[in-house]
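> Okay, predicted coordinates and the sequence, questions at the end:
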Amino acid sequence: MQKDRIYHNLLELCSVPSISETNGELDMVKKIAEMLNRIDYFNLHPEMVQICPMNGDSYHRSFVYALMEGQKKSAKTIILLSHFDVVGVEEFGIRKELAFDPLAYTKYLKDNVKIQLPEEARDDLNSGDYLFGRGTMDMKFGIAADLEMLMEAEEGLEQFEGNLLFVSVPDEEANSAGMLAAVDLLLSLKKEKELEYVCCLVSEPHFPKYPGDETKYIYTGTVGKLLPIFYCVGKETHVCQPFSGLNPNLLTSKIIEKIDSNPRLSDFDHGALVPPPVCLKQSDTKKAYSVQTPTAAYTYFNFMTLTKTPHEVMQSLLVIAQDAFTEVLADMKKKAGEQSQVTGGLFNLPDISPMVIPFQKLYHLCCETHGMEFEQHMKEFIGHVCADRSREDLREFSVEIVKEVHKFCPYRNPMIVVFYAPPFYPHSDIVSLNSKVMQVSRYITEMAKQIFNEELKIEPFYPGLSDMSYLGLSDRINIGELTDNFPVWDCGYHVPLKTISQLNIPFINIGPSGRDAHKYTERLCLSYSVEKAVPLIWAAIRRLLELPE
């Protein structure tokens, strides 16, 4: 490994401000292709480096891949996967122009001691072992490491038995559009070149489990994510007669109370625990001021998974919504009674029974009632909205579809409709203890201990959302049931689940050491990352190719 080369490649990669959903992503894919073409192998085989446009992408982005074939012919192929986009830099303040120049930014922090830094960040800065700047750890270093793998393989290509497939994509920090486009390429390359995908190696940074955690981790799986939305239909009334209707904001508020930060809803498996669900938005559907209560409101949540399927999550959410509905009605009855005691008047509460259904059931109910008239209307409605390219928020689009469907619903009393919206990240299954992934992971931890005196721990789940979710699909997931409860599926959003299930590529994440991804104090530990992580990645490649079938 050439440490200086890794370091300079990292700085060159960081210099491109490839913020998600900006032109920087267009510049970044060209930069990576340029760096790949400096490698002698790709000069001799330029067709092996390809920039692939993402069809239908509103930002006209592309991903890049490069295939290096060892001279000892073999179908065995290791995928080197990375993403080249980064998050924004507003938190860098007036010096955000330095965010993409790690040397200048690190020097600026050192020279300006009055800048407030967390104590840990200040200690790391003073150590001289950390490089600060956007993308240093998440994940431009991973790309630099992958480039080094190609260069290392090239030096011994005559004896290299296997292939390396470099893939780098945009948009991981937003909607994973790059990876979703790349999975089709992975499958077509596999068939065209008759490749056997032994494993995918990813170099996302590892994350501490708690403040002060210095443990370094290898990940053999990843968490998943669902985004459930509760569309709550109320019964409108004048504000002077609140007990004559049902404010849907009461329903969303009660649902938030029951779900947000509820540890009993955290998925748990093999000692791993994901954060509980968090409410990301709550709103009603009123567009203008009036003294009429809203007709509908909605709320949605970040819901992370380890083992729970979309079906299992849906069933639990329907129960929660039913309980919330029941409690809101009981509370309204109690408040009406208290108001009666004060005023001496009586209130005729509307006759409402809790009604909670998944979107799939709502849609079928409308189909049964209105037939082709309903289906044709929805086709035209969705087509019209999809044609509006200015619409970017797929959550809002999902709500609009449900709102439109509900207009045809024969049941006109208050109800709650539960459905899913983008993005969807499948979690991975627990890998077998006897699998190649586990054998190699144990080999790497032993090597780290013996050679580098580093304690690495194998974890079954990468704790953050990442493109690793799209390398495979658990056979426990019912694709049809998921998509039926996903209003914008195939009309603004699509995950190629069948392709992903055909790939089912095992993976290992061996990443750099650093801190504070997505913060103005993002930084990379140079000594571990360059001198230890990179050799460990190379050792994993060699071991994966050496193991028998």
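Looks like it arrived, so ask away.
> for the residue nearest to residue 53 when sequence neighbours are not counted, what are its contacts?
Leaving out its chain neighbours, the residue that sits closest to residue 53 by C-beta to C-beta, 6 or more residues apart in numbering is residue 62, at 4.8 Å. The C-beta positions use only the backbone N, C-alpha and C, and glycine is treated the same way. Residues in contact with residue 62 (C-beta atoms under 8 Å, 6 or more residues apart in numbering) are 26, 29, 51-54, 170.
> any idea how far residue 62 is from residue 191?
Applying C-beta to C-beta, to the nearest Å, the value for residue 62 to residue 191 is 22 Å.
> Next: residue 209.
On the measure of C-beta to C-beta, residue 209 and residue 191 end up 40 Å apart.
> same question, residue 249
53 Å.
> Compare neighbour counts for these two and give me the winner.
The residue with more neighbours, out of residue 249 and residue 191, is residue 249; 18 against 9, by other C-beta atoms under 10 Å.
> Correct me if wrong: that one contacts residue 284.
Yes. Taking contacts as C-beta atoms under 8 Å, residue 249 lies within contact range of residue 284: 5.8 Å.
> Run a quick neighbour tally on residue 472.
21.
> do residue 387 as well
When counting by other C-beta under 10 Å, one arrives at 8 neighbours for residue 387.
> Can you report how many residues lie near residue 288?
Per other C-beta under 10 Å, the neighbour tally for residue 288 reads 4.
> Let me fix that, I meant to ask about residue 194.
If we define neighbours as other C-beta under 10 Å, then residue 194 has 9 of them.
> do residue 82 as well
Look at residue 82: counted by other C-beta under 10 Å, it has 26 neighbours.
> so which strand or helix has it?
Element membership of residue 82, judged by DSSP states H and E, is strand 72-83.
> got it, and residue 9?
Secondary-structure assignment from DSSP H and E places residue 9 in helix 3-14.
> from the chain's centre, how far out does that helix sit?
Averaging C-alpha positions (C-alpha atoms, centre = their mean, to the nearest Å) puts helix 3-14 27 Å from its chain's average.
> Now stretch 501-512: buried residues?
For stretch 501-512, the neighbour count (16 or more other C-beta atoms under 10 Å) marks 503, 505-512 as buried.
> same thing with stretch 86-100?
Buried residues in stretch 86-100 (16+ other C-beta under 10 Å): 86-89, 92, 96, 98-100.
> Could I get these in JSON lines, plus columns for secondary structure and distance to residue 157?
Output for these, formatted as JSON lines (DSSP: H, G, I helix; E, B strand; the rest coil; distance: C-beta to C-beta, whole Å):
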{"residue": "86", "secondary structure": "strand", "distance to residue 157": "32"}
{"residue": "87", "secondary structure": "coil", "distance to residue 157": "37"}
{"residue": "88", "secondary structure": "coil", "distance to residue 157": "40"}
{"residue": "89", "secondary structure": "coil", "distance to residue 157": "39"}
{"residue": "92", "secondary structure": "helix", "distance to residue 157": "42"}
{"residue": "96", "secondary structure": "helix", "distance to residue 157": "42"}
{"residue": "98", "secondary structure": "helix", "distance to residue 157": "40"}
{"residue": "99", "secondary structure": "coil", "distance to residue 157": "37"}
{"residue": "100", "secondary structure": "coil", "distance to residue 157": "34"}
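> quick one on the thing from earlier: which pair in the contacts of residue 62 spans the largest distance?
By the measure C-beta to C-beta, 26 and 52 form the most distant pair in these, at 13.2 Å.
> Which of those two has more residues huddled nearby?
Neighbours per residue, other C-beta under 10 Å: of residue 26 and residue 52, the larger number sits with residue 52, 18 against 15.
> would the more buried one count as being in a strand?
Yes. Counting by DSSP: H, G, I helix; E, B strand; the rest coil, residue 52 is part of a strand.
> Enumerate the beta-bridge partners assigned to it.
Note on residue 52: beta-bridge partners residue 63, judged by DSSP bridges.
> Residue 66 is in contact with that one, correct?
No. Assessed by C-beta under 8 Å, residue 52 is found out of contact with residue 66, at 11.3 Å.
> per-domain residue ranges of the chain.
3-103+132-221+429-477+494-546, 224-420 (automatic domain parsing).
> Could you look over those and pick the most buried one?
Highest mean neighbour count among the domains of the chain (mean count of other C-beta atoms under 10 Å): domain 3-103+132-221+429-477+494-546, with a mean of 19.
> Span of that domain from start to end?
Chord length of domain 3-103+132-221+429-477+494-546, first to last residue, is 26 Å (C-alpha to C-alpha, to the nearest Å).
> can you check stretch 343-355 too?
Length of stretch 343-355, first residue to last, C-alpha to C-alpha: 31 Å.
> what does stretch 52-65 give?
OK, stretch 52-65 end separation, C-alpha to C-alpha: 8 Å.
> follow-up on the earlier one: out of the contacts of residue 62, which is nearest to residue 482?
Nearest to residue 482 out of the contacts of residue 62 is residue 54 (C-beta to C-beta; 23.1 Å).
> what about the closest one, distance to residue 515?
To residue 515, residue 54 is 32 Å away according to C-beta to C-beta.
> go on, residue 485?
To residue 515, residue 485 is 39 Å away according to C-beta to C-beta.
> Quick check: the nearest residue to residue 118 once chain neighbours are set aside vs residue 116, distance?
Leaving aside its sequence neighbours, residue 118 sits nearest to residue 521 (C-beta to C-beta, 6+ apart; 6.5 Å). As defined by C-beta to C-beta, residue 521 lies at a distance of 10 Å from residue 116.
> now the end-to-end length of stretch 11-27.
One end of stretch 11-27 to the other measures 15 Å (C-alpha to C-alpha).
> can you pull the contacts of the residue lying closest to residue 189 once chain neighbours are set aside?
Excluding the flanking residues, the one nearest residue 189 by C-beta to C-beta, 6+ apart is residue 195, at 6.3 Å. Applying C-beta under 8 Å, 6+ apart, we find residue 195 in contact with 75, 77, 163, 165, 189.
> Turn the domains of the chain into TSV, columns for mean pLDDT and distance to residue 124.
TSV is the format used below for the domains of the chain (pLDDT from 0 to 100; distance: least, C-beta to C-beta, whole Å):
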stretch	mean pLDDT	distance to residue 124
domain 3-103+132-221+429-477+494-546	96	6
domain 224-420	93	26
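> This completes my enquiry, with thanks.
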